[in-house]
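In: Okay, predicted coordinates and the sequence, questions at the end:
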Amino acid sequence: DDPVEEDGLVAAAAVVARVAPRWDPVKGTNDAYHWLWGTRALRPLGGVLWKRWQRGLFEALVPNQRVDGDWPLQDAWSGQNDRAHLTAVYGLALSEALRD
């Protein structure tokens, strides 16, 4: 309820949302951890930033999911043997985003 704290929260949310989800492995924009924690931070705040983030997350992840349910190992942090972990992180982000 403190306006100073609320202003700080809005400013922090804007910093997170500045790098919204966008699937582009060539440019290195795929970042599973940023997408998960950004989703968890922005969803409770709602509003325009959240809606833009949510749309970007869906547009990045849904069309790029493979038919076996996994995602390609094309994010900033994944190594050769991280397919299950990456799929879990992306799945958690989507699950959180669908709670709206």
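Out: Thanks, I have the structure now.
In: ranges for the helices of this structure?
Out: With helices called from DSSP state H, the chain shows them at 3-17, 32-42, 47-61, 83-97.
In: ranking those by burial, who's on top?
Out: Of all the helices of the chain, helix 32-42 carries the top mean neighbour count, a mean of 20, counting by mean count of other Cβ atoms under 10 Å. C-betas here are computed from N, CA, C, even on glycine.
In: Show me the one of the helices of the chain that comes nearest residue 25.
Out: If you check each of the helices of the chain against residue 25 by Cβ to Cβ, helix 47-61 wins as the nearest, at 10.7 Å.
In: Against residue 7, how distant is the spatially most central residue of the chain?
Out: With distances taken as Cα atoms, centre = their mean, residue 35 lies nearest the centre of the chain, 2.0 Å away. Going from residue 35 to residue 7 by Cβ to Cβ, to the nearest Å gives 25 Å.
In: With residue 18 instead?
Out: 17 Å.
In: How about residue 28: what's its closest non-neighbour residue?
Out: Nearest non-adjacent residue to residue 28, counting by Cβ to Cβ, 6 or more residues apart in numbering: residue 76, 6.1 Å away.
In: Extract the CA atoms of stretch 64-78 and return them as PDB.
Out: Extracted in PDB, the C-alpha atoms of stretch 64-78 (Å, rounded to 0.1, in the frame of the first residue of the first chain):
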ATOM      1  CA  ASN A  64       8.400 -24.400 -31.000                       C
ATOM      2  CA  GLN A  65       7.400 -27.400 -28.900                       C
ATOM      3  CA  ARG A  66       8.300 -30.600 -30.700                       C
ATOM      4  CA  VAL A  67       5.700 -33.300 -31.200                       C
ATOM      5  CA  ASP A  68       7.300 -35.400 -28.500                       C
ATOM      6  CA  GLY A  69       6.600 -32.600 -26.000                       C
ATOM      7  CA  ASP A  70      10.200 -31.400 -25.700                       C
ATOM      8  CA  TRP A  71      11.700 -28.100 -26.800                       C
ATOM      9  CA  PRO A  72      14.900 -27.900 -28.800                       C
ATOM     10  CA  LEU A  73      18.100 -27.300 -26.800                       C
ATOM     11  CA  GLN A  74      18.400 -23.800 -28.000                       C
ATOM     12  CA  ASP A  75      18.400 -21.600 -24.900                       C
ATOM     13  CA  ALA A  76      21.100 -19.600 -23.200                       C
ATOM     14  CA  TRP A  77      21.800 -22.200 -20.500                       C
ATOM     15  CA  SER A  78      21.200 -25.700 -21.800                       C
END
